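Novice: I'll drop the sequence and a predicted model, then ask my questions.
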Amino acid sequence: MEKRTELYRGKAKSVYTTDDPDRLILLFRNDTSAFDGKKIEQLERKGKVNNRFNAFIMQKLQESGIPTQFDKLLSDTECLVKKLDMIPVECVVRNYAAGSLVRRLGVEEGTELTPPTFELFLKDDAKGDPFINESHVVTFGWATTEQMQRMRELTLKVNDILRQLFDDAGLQLVDFKLEFGLFKGEITLGDEFSPDGSRLWDKVTGKKMDKDRFRQGLGDVIEAYEEVAQRLGVPLS
Ligand code: C5P
């Protein structure tokens, strides 16, 4: 597989074309950003941990019947993925209240949400990723009604699978964000799953083991990511 030109450079990953028009390479960088890119740092080993973490999770999801873009690991920081036509919508599931839900509704952090909530945000940095709903997605043509239903169904299924997986590792899956795209017309899970885009709390101590350590200046960010990976059995070398 030949790596060609940089197609897109995001805040933490770069996407490259390959000699196969249906395949892209994702490069996980050490760049870590928060607050719409206002706080940016390089965190040693983050690219590697997140690449391997994502590969592990995507393979688990694929085994459970979730269509994902993941193809294979290529190196410590790179993986090969299917090329999707991305839908510019972020699907967020919450099992416990945290982050923007707490700010928006004044619910106490840590409150269990039953059933889990499903929220949508428009992926648009210039607009600050606004909160949207399913009718906006259809009306503005970001996805059809059927595609939106499928994204919701898959997101909730991913939650069922991962909640159990993290629970077995002594972790609470508090919330997470997924992005989808179309591959040959089929809604397919894209982007990544890592502690950058999810909240993970130790079941016993409540310790935050995700990007909130970076957002809130708690320190030992990558050490926490590595501990989560180790508890799940993600091979880091
Ligand atoms: O900030 P908020 O509480 O809405 O985030 C919910 C979940 O979605 C968190 O796990 C957060 O890390 C993730 N998220 C993300 N990318 C964004 C917004 C939220 O990964 N642009």
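Specialist: Thanks, I have it. These numbers were taken from a predicted model, which means no experiment stands behind them. Numbering: from 1, shown residues only.
Novice: when you work out contacts or count neighbours from here on, use the C-alpha atoms and nothing else.
Specialist: Fine.
Novice: and residue 37, what does it touch?
Specialist: residue 11 (Cα atoms under 8 Å, 6 or more residues apart in numbering).
Novice: got the contact list for residue 166?
Specialist: Counting by Cα under 8 Å, 6+ apart, residue 166 has contacts 172-173, 232.
Novice: where does it sit, in terms of helix or strand?
Specialist: According to DSSP states H and E, residue 166 maps onto helix 145-168.
Novice: kindly report the same for residue 92.
Specialist: strand 85-96.
Novice: between helix 145-168 and that strand, find me the angle.
Specialist: 50 degrees (axes from the mean of the first three to the mean of the last three Cα atoms, to 10 degrees).
Novice: strand 85-96: how far from the chain's middle?
Specialist: Mean-position distance between strand 85-96 and its chain equals 8 Å (Cα atoms, centre = their mean, to the nearest Å).
Novice: list the strands paired with that strand, with their directions.
Specialist: The pairing partners recorded for strand 85-96 under DSSP bridges are strand 112-122 (antiparallel), strand 171-183 (antiparallel).
Novice: export those as TSV, with columns for distance to residue 74, mean pLDDT and mean neighbour count.
Specialist: As requested, those are arranged in TSV below (distance: least, Cα to Cα, whole Å; pLDDT from 0 to 100; neighbours: other Cα atoms under 10 Å):
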stretch	distance to residue 74	mean pLDDT	mean neighbour count
strand 112-122	31	98	15
strand 171-183	21	99	22
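Novice: among those, which is nearest residue 26?
Specialist: Smallest distance to residue 26 across the strands paired with strand 85-96 (Cα to Cα): 14.6 Å, for strand 171-183.
Novice: one step back: tell me the mean pLDDT over the strand holding residue 92?
Specialist: Averaged across strand 85-96, pLDDT comes to 98.
Novice: thinking again about what came up before, would you mark the buried spots in the helix holding residue 166?
Specialist: Neighbour-count burial for helix 145-168 flags 147-148, 150-152, 154-159, 162-163, 165-166 (criterion: 16 or more other Cα atoms under 10 Å).
Novice: from the chain's centroid, how far away is that helix?
Specialist: 12 Å.
Novice: so after the strand holding residue 92, what's the next helix or strand?
Specialist: As assigned by DSSP H and E, the chain's next helix or strand after strand 85-96 is helix 99-105.
Novice: quick one: is that next one near the ligand?
Specialist: Yes: on the criterion Cα under 6 Å from any ligand atom, helix 99-105 is in touch with the ligand at 99-101.
Novice: so which of the residues you listed is the most crowded?
Specialist: Neighbour counts for the residues of helix 99-105 next to the ligand (other Cα atoms under 10 Å) peak at residue 101, which has 16 neighbours.
Novice: roughly how far does the nearest residue to it once chain neighbours are set aside sit from residue 98?
Specialist: In space, and not counting its chain neighbours, residue 101 is closest to residue 107: 7.3 Å by Cα to Cα, 6 or more residues apart in numbering. Counting by Cα to Cα, to the nearest Å, the gap from residue 107 to residue 98 is 8 Å.
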